[in-house]
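Asks: The following comprises the amino acid sequence and a computationally predicted model.
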Amino acid sequence: MNLIIWGTGNYSKNVVSYFDSIGDEIVGFTESKLKKNEFFNKPVYPSEALSEIDYDFILVACRAYKEVEQTVKDKMLDESKIIYLPISWIPVRVSSGTVQLDLNNVTTSTICTVTGIHFSHNGIYTNSKEIIEFFKKSNVKTEEYWKQQDSFNAKTAVNTIAVNQEKLLEEFVLPEIKKEDIICDYGCGSGEWSRYISRFCKQCDGYDVSEKMIRTAKQLSIESEISNVNFYCADARNALLNNEYSHILMMGLLTYIDDETELISILKLMRKSLRPGGMLVARDTLSYSVFDRMFFYRKNDNYVGVYWNLRKYENYFIEAGFELLVERYLWPYFTDPFDAGSRGFVFI
């Protein structure tokens, strides 16, 4: 199948990186306003010339796709052959170690019910772990990425999410914290939230799977002259906690747990470790699709995230013995072809 990619920016670069493993051939590129003559050693055609080129589909790989829609109409191109990737779910057939895109049955409906892929500007979303493993060329182990990181700052990553997380804490949690409280930060990374919450309590214990992150957390605490925080390297799936805690923070941990049994086991451990009357504050990236979970894969650094279905996620907490006190939508990533975004919760 011969394909043309509309766009020569970062979105297109991301899409091309996945097509190295797919049999469909990219025969060229196009732009609304021609800026290049060649891209990835393929010709870049002016949009006026597309009617003279033999292709099966044009994949629009740019976020300003509304402008492309108008150009398509102006040039009277065959709209049945145009696929707008920012809003499209592409059905996929996986067999015998290969991935085949079904470009004849692409949908832009928010009700995506078949195994497929959404190509975003910086990675892919899919409901199939097998598809991630095909592109990754190895088994999915979400902790691998984080074990290689030595620091993480939520305000640097997505500042709006961090600001809204802090507001959630200020409104519902800080008023309940007492000076004698001992708080747990489970999945603490390099200790950003541990150091924040330590100002209001007697002690905070942070746990993380990354030895590098824990070293950074300890160093940053020393530099900040914070003495009431402790950090431990531990796998969240089988950690032995050192205390019973007044409150627990779990800011993003479950976005990296892809097994339902392990997830429930973690939540039951949190329930057991939380003192009566305590709060569990959680923040994760979740989806509002028909699937139990979605995977996000970023090829350039092998990052894998797991976006659990919102209602499924809440039910896991209830199954573990928690009650939902409040939910906040912290930041939407996108809404088409399904809703995905960062959400914050307070459970009791």
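Replies: All right, it came through fine.

Asks: make it CA atoms for all contacts and neighbour counts henceforth
Replies: OK.

Asks: Which of the three states applies to the nearest residue to residue 154 once chain neighbours are set aside?
Replies: Counting by CA to CA, 6 or more residues apart in numbering, residue 154 lies nearest to residue 162, which is 5.5 Å off, once chain neighbours are set aside. Assigned with DSSP: H, G, I helix; E, B strand; the rest coil, residue 162 falls in the helix class.

Asks: Can you tell me what sits against the helix or strand of the chain with the lowest mean pLDDT?
Replies: One helix or strand of the chain scores below all others by mean pLDDT, DSSP states H and E: helix 154-157, with a mean of 80. Applying CA atoms under 8 Å, 6 or more residues apart in numbering, the contact partners of helix 154-157 are 161, 162, 163, 192.

Asks: Who are the contact partners of the one residue sitting closest to the centre of the chain?
Replies: The residue lying closest to the centre of the chain (CA atoms, centre = their mean) is residue 305, at 4.7 Å. The contact partners of residue 305, taken as CA under 8 Å, 6+ apart, are 142, 255, 256, 295, 296, 297.

Asks: Low-confidence ranges, the stretch 1-150 of the chain, go.
Replies: For the stretch 1-150 of the chain, the stretches with pLDDT under 70 are 23.

Asks: what do you get if the cut-off is 80, keeping everything else the same?
Replies: For the stretch 1-150 of the chain, applying pLDDT under 80 flags the ranges 20-24, 96-97, 109-112.

Asks: Okay, now the sheet partners of the lengthiest strand in the chain, with direction.
Replies: In the chain, taking DSSP state E as the definition, the longest strand is strand 324-334. Sheet pairing of strand 324-334 (DSSP bridges) gives strand 339-347 (antiparallel).

Asks: what's next to the strand it pairs with, contact-wise?
Replies: By CA under 8 Å, 6+ apart, the residues outside strand 339-347 that reach it are 110, 161, 165, 168, 172, 279-289, 307, 322-334.

Asks: Return the set of buried residues in stretch 304-324.
Replies: Across stretch 304-324, burial judged by 16 or more other CA atoms under 10 Å covers 304-310, 312-317, 320, 322-323.

Asks: Ignore what I typed, I meant stretch 259-274.
Replies: Buried residues in stretch 259-274, counted by 16+ other CA under 10 Å: 263, 264, 265, 266, 267, 268, 269, 270, 271, 273, 274.

Asks: before we move on, back to that, number of residues surrounding the residue nearest to residue 154?
Replies: Neighbours of residue 162 under the rule other CA atoms under 10 Å: 18.

Asks: what are the ranges of the helices in the chain?
Replies: With DSSP state H as the criterion, the chain has helices at 10-19, 65-74, 129-136, 143-147, 154-157, 159-168, 192-197, 211-223, 260-273, 310-319.

Asks: C-alpha coordinates for the shortest one, CSV please?
Replies: Looking back up the chat, that one is helix 154-157. Output of helix 154-157 as CSV, limited to C-alpha atoms (Å, rounded to 0.1, in the frame of the first residue of the first chain):
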residue,chain,number,x,y,z
ALA,A,154,6.3,17.3,37.9
LYS,A,155,6.4,21.1,37.4
THR,A,156,9.0,20.7,34.6
ALA,A,157,7.1,17.8,33.0
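
Asks: residues of that helix that come out buried?
Replies: Under the neighbour-count criterion of 16+ other CA under 10 Å, helix 154-157 has nothing buried.

Asks: Can you tell me which of the buried residues of stretch 304-324 is nearest residue 242?
Replies: Residue 242 has its nearest neighbour among the buried residues of stretch 304-324 in residue 320, at 20.5 Å by CA to CA.
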